[in-house]
Every structure is written in C-alpha cells, then in structure tokens.
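Asks: Pasting the sequence and the predicted model now:
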Amino acid sequence: FHLRATEEGCARFLSVLARASLSAVSLATLALSTELPDLVRGLSGLGVPRVIVVTMSFTLRYLSLLRDEARRLALAREIRTFSWRPRLALRAMGHSAGTLFVRTFERAERVHAAMATRGFDGTFPSLSPPRFGAADLALAALAIAAALAIDLAPLGTRGF
C-alpha cells in the first residue's frame, strides 16, 4: 500500500484547504467583530429556530454567571490561604467546585423565578434594532467573492 500524489489530488487538496481557511477566517472575523448577544440576535434574524436561539442565550448568560462566581470563589480562597500545600490546595479546590455548583444552581433558580415573574415569553427585547450597514455589506460581498473565486478556480485537468 503506497500513496502517490497526482496533480488532480493536489488541486483538490489545495481547494479544500482554501475553503477551510476561508471558513476559519470568516468565522474568526464574525466572532471578533460581534458581541455574543448581537450574534445570537442575528441568528434569530436569519431564521434559526427560536428554541435554539433561546437555549444559546441562556447558555451564554449562565456561563457568564458561572465565570463571575468562579472568580469570586478564587479570590476568597486566595485571601484565606497564606501558603501553598498541595494536599490542602486539592481539598480546597474540591470544596470550591462543589460550592460553585451549588451557588450557580441557586442563582439560576432565582433568575428563572425573576423571569417567570416578569412574564418572559421566549423573546429578548432590544433597545437598539440591528442594522445592516455599508461595512457589513462590504464584508459579505468580500466573503462571497472569495468563495466564488475558490469555487470557480480551475482544478488541473478535471473539476469536482
């Protein structure tokens, strides 16, 4: 069993590599230029099912709460401990993990109760409606042009 590189195989490899690179750059650009709540709102505007959008919104919110609570617990642990002893540190980390779980679970219950009290209907109202500007149009046109250029580029003797 041995492999041989052919011109067509190399062309296909380069095509797949270019498409993957374009996808990665597009995703990175989107992630770095858009706040997560705006991204979730945009997905809703694109017609992603409401169940998925609401689940993503709650997941982002609870991950934020979890991160904040973990920071508070880490700060409290650092303030209370004066020296590093591996056995005690592992024990403290175990207690911190349990405490973190209980605190975030309790906070999640309070958030749910507050949302139910306020009549949450599965939509997240926004003070500023999303707008599609010239920069967004230019980025979309650039991404489409790059995708078409990759797709229409000749692939040696035969195409896909």
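Replies: Thanks, I have it. Numbering: from 1, shown residues only.

Asks: Starting from Val48, give me the distance back to Ala147.
Replies: 21 Å (Cβ to Cβ, to the nearest Å). For the C-beta atoms, the positions are set from N, CA and C on the backbone; glycine is no exception.

Asks: Pull the number of nearby residues for Gly133.
Replies: Per other Cβ atoms under 10 Å, the neighbour tally for Gly133 reads 8.

Asks: and what of the one 5 residues further on?
Replies: Around Ala138 sit 10 other residues, with neighbours defined as other Cβ under 10 Å.

Asks: and if you look at Leu73?
Replies: By the measure other Cβ under 10 Å, the count of residues near Leu73 is 18.

Asks: Nearest spatial neighbour of it, chain-adjacent residues omitted?
Replies: Closest residue in space to Leu73, ignoring its immediate chain neighbours: Ser96 at 5.0 Å, by Cβ to Cβ, 6 or more residues apart in numbering.

Asks: Assign a three-state SS to that neighbour, would you?
Replies: helix (DSSP: H, G, I helix; E, B strand; the rest coil).
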